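**Student:** here is my input, please return the structure:
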Amino acid sequence: MAKVIHTMIRVLDLEKSMKFYADVLGLEEAHRLDFPDFALVYLRNAENDVELELTLNKGRTEPYTHGTGYGHVGVVVPDAAAAHAALVARGYEPAPVKEFKRGDELLARFFFIQDPDGYKIELLERHGHYQ
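**Tutor:** Numbers count the residues shown, from 1 in each chain. Modelled structure (predicted):
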């Protein structure tokens, strides 16, 4: 059986991206591979088996395009409103908290934030399917 171990995104400013993911998701460097032309930094925290791999192609100055295929990375938090307020207090600009309902049934409470390279991150309150 296959096991998902990481997902990779390309970044322009490794330090800026590492700070963002530490502040927003509590992810810290778990492993680094540094080569002359590129670096791979794997981020994780105690809540995760899956890592986020940041790939820095050294010398690149042009922003990456996300095309029409990339959507977002989803993570769960205990309280969406509290997570949102904490990010605003740190100077970030997340989108407003929204609720997704079927009739009166709450399916999800969530908000989005973009990382320094424009990748969307969805923060969902731990509820129902989103555990």
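
**Student:** who's in contact with the nearest residue to Asn57 once chain neighbours are set aside?
**Tutor:** With Cβ to Cβ, 6 or more residues apart in numbering as the criterion, Asn57 has its nearest non-adjacent residue at 5.1 Å, and that residue is Phe38. Bear in mind the C-beta positions are built from the backbone N, C-alpha and C, glycine included. Phe38 sits next to 55-58 when contact means Cβ atoms under 8 Å, 6 or more residues apart in numbering.

**Student:** now rank those residues by neighbours and give me the top one.
**Tutor:** Leu56 (19 neighbours; other Cβ atoms under 10 Å).

**Student:** and of the contacts of Phe38, the nearest to Asp104?
**Tutor:** The closest of the contacts of Phe38 to Asp104 turns out to be Thr55 (Cβ to Cβ; 44.2 Å).

**Student:** pretty sure the closest one contacts Val11?
**Tutor:** Yes. Assessed by Cβ atoms under 8 Å, Thr55 is found in contact with Val11 at 6.9 Å.

**Student:** got the contact list for Pro96?
**Tutor:** Contacts of Pro96 (Cβ under 8 Å, 6+ apart): 84, 111.

**Student:** separation between it and Leu87?
**Tutor:** Relative to Leu87, Pro96 is positioned 12 Å away (Cβ to Cβ, to the nearest Å).
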